[in-house]
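Undergrad: Fold the following and give me the result.
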Amino acid sequence: MIIIITTAYYYILSSRKKEKELKKKETVNFFFSDKINYEKVIIDKRNGLLDDEDSRILEILSVFEKMSISIKTKVYDEEVILEYYGKYMIHFFKEFKFFILIRREKSGNPYLFIEYEKLVNRINKNDKSQNYYE
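TA: Okay, here's the model as predicted:
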């Protein structure tokens with residue numbers, strides 16, 4: 001009986017490890033398929049080369065919202081996403097917070113990009129020791 005329980009326990013641990021490795025692999029695959037130049041959009045905004053109707057803003061906000069939902073639902077690995085995208089998510093939110101508020105008002109949807117905002121607030125609150133600010 002002990003052998004069966006021990007075997008089952010190791011099988012569960014092994015399955016969880018494989019599942020986590022697969023999640024990380026899928027997250028990294030997403031990185032390689034992402035062709036958006038986040039820094040260029042932030043620099044263009046700071047240099048006045050971006051207007052509020054620029055489709056790149058909505059494209060990036062949509063990507064960050066999808067990432068945030070994927071983290072929340074555990075589809076993507078949070079640690080990997082934040083290591084790669086954390087600084088972009090924080091900087092982009094700071095630069096475009098007003099834009100998000102205006103889009104919410106115009107659309108009548110107070111929940112527009114809300115998971116992204118929640119994630120950034122959580123990062124800012126809990127993870128200041130990380131290198132997301134560099």
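
Undergrad: how about low-confidence regions in this structure?
TA: Applying pLDDT under 70 to the chain flags residues 8-11, 32, 52, 127-134.

Undergrad: The same query, at a cut-off of 90, please.
TA: 1-56, 58, 74-77, 79-80, 84, 103, 106-107, 125-134 (pLDDT under 90).

Undergrad: center of this structure, which residue is that?
TA: With distances taken as C-alpha atoms, centre = their mean, the chain has residue 67 as the residue nearest its mean C-alpha position (3.9 Å).

Undergrad: Test my guess that that residue contacts residue 81.
TA: Yes. If you go by C-beta atoms under 8 Å, residue 67 and residue 81 touch, sitting 5.8 Å apart. (C-beta placed from N, C-alpha, C; glycine too.)

Undergrad: buried ones in the helix or strand containing the residue nearest to the centre of the chain?
TA: Here residue 67, judged by DSSP states H and E, is contained in helix 55-72. By 16 or more other C-beta atoms under 10 Å, the buried positions in helix 55-72 come out as 57, 60, 61, 63, 64, 65, 67, 68, 70, 71.
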